[in-house]
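Engineer: Sequence and predicted structure, then a few things I'm wondering about:
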Amino acid sequence: MKEMLEMDYDAYFVGTGAPRGRDLDLPGRREVDEHISIGIDWLSSVAFGHTTSIEGNVIVMGGGNTAMDCCRTSKRLGAETVTVVVRSGFEVMKASEWEKEDAMSEGIPIINNRPPKEFVHENGKLKGVIFECVKPIEEGGRLKYIPTGEPDVFIECDHILMAIGQENHCPWIERDIGIEFDKWDCPILDEVTLQSTHPKIFFGGDSAFGPENIIWASAHAHQAAISIHLMCQGKDPKSDRPPEGLNLISQKMGVHEWAYDAEHDASKRYLVPHANRRRSLENIKVEVELGFDEILGSREAQRCLNCDVQTVFTEKLCIECDACVDICPMDCITFTANAEEDRLRNYLTAPASNLEQALYVSEELETGRVMVKDEDVCLHCGLCAERCPTNAWDMQKSIIHIPQLGSYAE
């Protein structure tokens, strides 16, 4: 990095990811080093064609999407058995639900609540791993794992793929050039501008705040581009940033017409068609997910709840006729006396039990009551707005503007 700074560019953007997979320093680790691979490095080796097979019994440690990639790839490269072992519970694994479902559908068991304790070896050969048995308890709003008292479990294996997370790895950035790092070896950044403690250097993606996903990385690139542009114009990357915007636009086109498809389809999620399992397991080049065809894609799209379309209530237009209450298919609208939230939730026609979802509560109406709507069960069907005789209800689409370089006037 020091060499690049000597080239005296006006700004630098670092987006090198979090390329180092985490390891475990447990008894026996050094002795069985040749039988253990770091998951992300192993997958890279497979992708480039350097690794074309794996033999024997394989244990994959970890519960994220990388672990799911490792176990399914091992199955395709010839492993006799593949077992995923996770230190946490099944419900809190970081892997996507469909990744877990697909792995298990291919006959790969996932064993949870088993943190590793020791790598067992004999004459330099890996024999297996000893795992502790734990259970989750909630303490201070967080999960904590405690021993169950059951005997430790030994699982035999010939190879281990370690997929327990990734971290930043920036050995090429000297530590004496003005960039400060935190205890996790992540650069200390301004979360808005993504500017480091060296004013010319900006970070984005996994190299900024640790592993996330490509959507975050793309957003960081747009944020950093604005910051760099402002800095190069002699402006402040933070105070001179263009503002984000939010507009609500009515979707009403007629008495019973909306500018969006308001009909609710209660169908369950359509599964993406897969290739023949035997064929896909025999050839790693076979694409497993075939994708939706036009018909199935259209059916899946009809399940959309139009979450970008909001029910907007105007108190001064309401005559409290309760027509909206009568027509709501989910009983999510109630007119009642106001109260503290915990009591108000139980006053509703259908009590609102999901505490994570805020209630929509109006200002006080003519009769002293308030309108309360449980957003958690609303279908955005628009029937309340269609039935309302005074247009107190309206369906309005949220238009969010997140500035990008070139999308705003200077």
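Structural biologist: The structure has been received and is ready for your questions.
Engineer: Report the contact partners of G39.
Structural biologist: Counting by CB atoms under 8 Å, 6 or more residues apart in numbering, G39 touches 21, 60, 62, 66-67, 69-70, 161-163. Every residue, glycine included, has its C-beta placed from N, CA and C.
Engineer: Quick one, which of these are buried?
Structural biologist: Buried members of the contacts of G39, counted by 16 or more other CB atoms under 10 Å: 21, 60, 62, 66-67, 69-70, 161-163.
Engineer: In a markdown table: those, plus pLDDT.
Structural biologist: What follows is the buried ones among the contacts of G39, written out as a markdown table (pLDDT from 0 to 100):
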| residue | pLDDT |
| --- | --- |
| G21 | 86 |
| V60 | 98 |
| G62 | 95 |
| T66 | 93 |
| A67 | 96 |
| D69 | 96 |
| C70 | 97 |
| L161 | 97 |
| M162 | 96 |
| A163 | 95 |
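Engineer: So which of those residues sit within strands?
Structural biologist: Residues of the buried ones among the contacts of G39 located in strands (DSSP state E): 21, 60, 161-162.
Engineer: Now do the same contact list for the residue nearest to D322 when sequence neighbours are not counted.
Structural biologist: Leaving aside its sequence neighbours, D322 sits nearest to F335 (CB to CB, 6 or more residues apart in numbering; 6.2 Å). Shown in contact with F335 (CB under 8 Å, 6+ apart): 320, 322, 325, 365, 369-372.
Engineer: Just confirm F335 is within a strand.
Structural biologist: Yes: according to DSSP: H, G, I helix; E, B strand; the rest coil, F335 belongs to a strand.
Engineer: Break this structure down into its domains, please.
Structural biologist: Structurally, the chain divides into domains by automatic domain parsing as follows: 2-18+168-232, 20-167, 252-264+305-401.
Engineer: roughly how far apart are T73 and W42?
Structural biologist: Distance from T73 to W42, counting by CB to CB, to the nearest Å: 8 Å.
Engineer: For these two, indicate the residue with more neighbours.
Structural biologist: The residue with more neighbours, out of T73 and W42, is W42; 25 against 21, by other CB atoms under 10 Å.
Engineer: got a list of what the more buried one touches?
Structural biologist: Going by CB under 8 Å, 6+ apart, the list of residues near W42 reads 51, 70, 161.
Engineer: Now it: phi and psi?
Structural biologist: Note on W42: backbone dihedrals following degrees, to the nearest 10 are phi -60, psi -40.
Engineer: one step back: look at the residue nearest to D322 and report its pLDDT.
Structural biologist: We have a pLDDT of 96 for F335.
Engineer: Repeat that for A409.
Structural biologist: 58.
Engineer: Same question for R277.
Structural biologist: 91.
Engineer: from what I can see it touches D102, true?
Structural biologist: No: applying CB atoms under 8 Å, one finds R277 not in contact with D102, separated by 10.1 Å.
Engineer: just for the protein, where's the confidence low?
Structural biologist: Scanning the chain for pLDDT under 70 picks out 408-410.
Engineer: Buried residues, the lengthiest helix in it. List them.
Structural biologist: Assignment by DSSP state H gives helix 214-232 as the longest helix of the chain. Within helix 214-232, the residues that count as buried by 16+ other CB under 10 Å are 217, 220-221, 223-228, 230-231.
Engineer: Alright, calling it a day.
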